[in-house]
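*Asks:* Generate coordinates for the sequence data below:
(6 chains)
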Number of protein chains: 6
Amino acid sequence: MSAPGPIEYRDASPEVRAVFDDIKRSRKVEDVNNFWKYLANDPPTLERTWASIKEVMAPGALDALAKEMVYLAVSVTNGCAYCIASHGAAARKAGMSEAMFGELMAVVGMANETNRLANGYRVPIDPAFDK
Amino acid sequence: MSAPGPIEYRDASPEVRAVFDDIKRSRKVEDVNNFWKYLANDPPTLERTWASIKEVMAPGALDALAKEMVYLAVSVTNGCAYCIASHGAAARKAGMSEAMFGELMAVVGMANETNRLANGYRVPIDPAFDK
Amino acid sequence: MSAPGPIEYRDASPEVRAVFDDIKRSRKVEDVNNFWKYLANDPPTLERTWASIKEVMAPGALDALAKEMVYLAVSVTNGCAYCIASHGAAARKAGMSEAMFGELMAVVGMANETNRLANGYRVPIDPAFDK
Amino acid sequence: MSAPGPIEYRDASPEVRAVFDDIKRSRKVEDVNNFWKYLANDPPTLERTWASIKEVMAPGALDALAKEMVYLAVSVTNGCAYCIASHGAAARKAGMSEAMFGELMAVVGMANETNRLANGYRVPIDPAFDK
Amino acid sequence: MSAPGPIEYRDASPEVRAVFDDIKRSRKVEDVNNFWKYLANDPPTLERTWASIKEVMAPGALDALAKEMVYLAVSVTNGCAYCIASHGAAARKAGMSEAMFGELMAVVGMANETNRLANGYRVPIDPAFDK
Amino acid sequence: MSAPGPIEYRDASPEVRAVFDDIKRSRKVEDVNNFWKYLANDPPTLERTWASIKEVMAPGALDALAKEMVYLAVSVTNGCAYCIASHGAAARKAGMSEAMFGELMAVVGMANETNRLANGYRVPIDPAFDK
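*Replies:* This next block holds a predicted model:
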């Protein structure tokens, strides 16, 4: 009756292995992260989440680095320790320098501050911004 | 005993006018947004917030567009209606195309989803990510 | 099949009227706020919430003004528009001056900023703070 | 000047012991969880919180399992590690299977994603949903 | 340079129309909600989100009503006005009575309260809950 | 490519040392907290954040204790473990008794609960509160 643990490749069903294989191939890594090993407890969520991540994080109008930095900004705002650790690493791997990280954190901090100032002062939306 | 309203330029003290003038000059706009008119009720907060925003949002290791998109991503995560409207406009002014906006929202949505999956499955941080 | 609307005194059951009467007496007001009129759709929640609020917000080690300002600080952090409006009014009624409101918002903004800086830099708790 | 620690039964005042006894009796457990041992530092909050939990979590129009799963969904959304652990265990004890947990997490993740898509696209409420 | 507005069926591309048709068929409705009309500005997000929602919200180990109530609980916790309105309506359509709604809100409120009490008292996870 | 660690005084640049010296002098402490040692990785953020904190937390219309308790209330609402630990200690140092802490947590819990009740019941703002 305890919470689900990680599913390792050797214990995984064929459908889970297929996702793990695709992650390892796409990301050129030897093993998948804990996140995927835990999601593997629910194969439909594993499959859907990986397919979505692969589509959403692929370079397009925004490049991979910009996307990883936005992912990190959201994770920091939500205070998700796992996600801050994993997407911090991913952003650095995608090219985020320490100077970029420092500026990113400064913007995230500032936005969280001014979001509350706007709430607290009950600032109405300027007609120019409204649709 | 009601909540503070906007301070217009004509009614502002010299110190508030000095900040308004600097905002108008820096941003090349005819009038400041409601956000600044409300903060003007507390001049030290107005001055400090504007000085911080000017420093934090200046192009550096990240360009102005990247910074505005991160600001928008945080505001969307927090659900700050005023900030979504104003920084959505600012990001578009800085060059965010609709394709970029669409991808930005997709990443923000995905990050908010996987942040909760990581929480719910209580995923431990991989040793590789940990310091 | 629509969402529940407000319950006015004239349409209220005796148990709801008893709570409304106690709110009006305790707060020396002629009518209860919308919050209570909506909660009246679920009388046990109305009764429990009012009893809890009355106990929690009563002056004790903290006075009524300090409590209302903390309530407002939380509501601003969560972005609850109704609560910002109603507890902003309550704090002013309890004696919050505009100077106090300005400083309160500055602290709330700053705390929201540094909460994210601490998250983003993954700052470990100093041994001195840890139990 | 350090933060309050847990109050064990042997060190508790009669009023705290009365609450602990009622928790143990109601839940058929040998000892209360850490949550209650820490709240015991403030007996009025201990009493009020336990009375509220007992009333709110009792089976009614929703059964105990449905209520525990909603509690878990909220705790996952807020990222409260203690609450995710304790209410995950409570939900499993109340009958949540791993298949139900998997679907619950999928819904929680999806809702957190689409909440931000609705924010980001500034979607106006359909007249049909509005009161 | 303004924010994207809704895409109506008559103006939609064939790929967007295909999603709209599937939503209308699956939900037996005459028109899609504003949420989908706004997402239609980014067809890949429209398609992915609809496919995910259809999979996640389908009855399984949890029935449709339980899933809609969890969706509503998350939306209320996040304060997403659009989502509260639309998923409140969806939950009522799926069979949520006003008594169920009242109890749902009571649980959501309670969980949000105790999440913060656990945070504030820095309650360590009981060994029994830990993995 | 790992996340930035703490910068100790002996390894710090002159500009970082100047901030550390000012913190130590202002707070009459022998060493700065981890928060500042991590921010030191980005000297402009270190300088700006310290200058802002010093200005915002100085006694004014609100005294130092009231400000620290508000800071703690926000940190508890956001679930920032580092900030709860450090500002809990700071509030106690500024004079927060355990009775005050208990009441503070009760208000924070209650506000988080009623914020969601107001969201969930979609309570419209009373005209008396609206500007």
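*Asks:* Looking at stretch A:57-66 now, give me its mean pLDDT.
*Replies:* For stretch A:57-66, mean pLDDT is 98.
*Asks:* Buried residues of that stretch, list them for me.
*Replies:* Neighbour-count burial for stretch A:57-66, with 16 or more other C-beta atoms under 10 Å in any protein chain shown as criterion, is recorded at A:57, A:60, A:62, A:64, A:65, A:66. All C-beta spots, glycine's among them, are computed from the backbone N, C-alpha and C.
*Asks:* At the contact with chain E, which residues of chain A appear?
*Replies:* A:2, A:3, A:5, A:44, A:48, A:52, A:55, A:56, A:131 (C-beta under 8 Å from any C-beta of the partner chain).
*Asks:* Where does the first one sit: helix, strand or coil?
*Replies:* So the one you mean is residue A:2. The three-state label given to residue A:2 by DSSP: H, G, I helix; E, B strand; the rest coil is coil.
*Asks:* confidence score at it?
*Replies:* So residue A:2 comes in at 72 (pLDDT).
*Asks:* circling back: wait, which of the residues of chain A next to chain E is closest to residue A:99?
*Replies:* Nearest to residue A:99 among those is residue A:56, at 26.5 Å by C-beta to C-beta.
*Asks:* in the helix or strand harbouring that closest one, what's buried?
*Replies:* Following DSSP states H and E, one finds residue A:56 within helix A:43-57. Buried residues in helix A:43-57, counting neighbours by 16+ other C-beta under 10 Å, are found at A:43, A:45, A:46, A:47, A:48, A:49, A:50, A:52, A:53, A:56, A:57.
*Asks:* avg pLDDT for the longest helix anywhere in chain A?
*Replies:* Longest helix in chain A, counting residues (DSSP state H): helix A:98-120. Helix A:98-120 comes out with an average pLDDT of 98.
*Asks:* Next to chain C, which bits of chain A? Give me the list.
*Replies:* Residues of chain A lying near chain C (C-beta under 8 Å from any C-beta): A:72, A:76-77, A:79, A:81, A:84-85, A:88, A:104-105, A:108-110, A:112-117, A:119-122.
*Asks:* Drop anything exposed from those residues.
*Replies:* Of the residues of chain A next to chain C, these count as buried by 16+ other C-beta under 10 Å: A:72, A:76-77, A:79, A:81, A:84-85, A:88, A:104-105, A:108-110, A:112-117, A:119-122.
*Asks:* Restricting to these, which residues neighbour chain D?
*Replies:* Okay, of those touching chain D (C-beta under 8 Å from any C-beta), that's residue A:79.
*Asks:* angle of the helix or strand following the helix holding residue A:56 against helix A:98-120?
*Replies:* Of the helices and strands lying after helix A:43-57 in sequence (DSSP H and E), the nearest is helix A:64-78. Per axes from the mean of the first three to the mean of the last three C-alpha atoms, to 10 degrees, the angle that helix A:64-78 makes with helix A:98-120 is 50 degrees.
*Asks:* list the helices and strands whichever helix or strand comes after helix A:64-78 packs on?
*Replies:* Using DSSP H and E, the helix or strand that follows helix A:64-78 towards the C-terminus is helix A:81-93. Applying 3 or more C-beta pairs under 8 Å, 6 or more residues apart in numbering or on different chains; DSSP states H and E, one finds that helix A:81-93 contacts helix A:34-39, helix A:64-78, helix A:98-120, helix B:98-120, helix C:98-120.
*Asks:* one more time with 6 Å, if that's ok
*Replies:* Helix A:81-93 sits against helix A:64-78, helix B:98-120, with contacts defined as 3 or more C-beta pairs under 6 Å, 6 or more residues apart in numbering or on different chains; DSSP states H and E.
*Asks:* can you pull the contacts of residue A:76?
*Replies:* A:84, A:108, C:116, C:119, C:120 (C-beta atoms under 6 Å, 6 or more residues apart in numbering or on different chains).
*Asks:* Now flag whichever of those residues is closest to chain D.
*Replies:* Checking the contacts of residue A:76 against chain D by C-beta to the nearest C-beta gives residue C:119 as the nearest, at 10.5 Å.
*Asks:* I'd say the closest one and residue A:78 touch.
*Replies:* No - counting by C-beta atoms under 6 Å, residue C:119 stays clear of residue A:78, with 8.6 Å between them.
*Asks:* who touches stretch A:93-109?
*Replies:* Under C-beta under 6 Å, 6+ apart, the answer for stretch A:93-109 is A:64-65, A:68-69, A:73, A:76, B:56, B:60-62, B:67, B:70-71, B:74, C:113, C:116-117, C:120, F:42, F:45.
*Asks:* And for the residue of chain A at minimum distance from chain D, the neighbour number?
*Replies:* Residue of chain A nearest chain D, by C-beta to the nearest C-beta: residue A:42 (3.2 Å). Residues lying near residue A:42 (other C-beta atoms under 10 Å in any protein chain shown) number 23.
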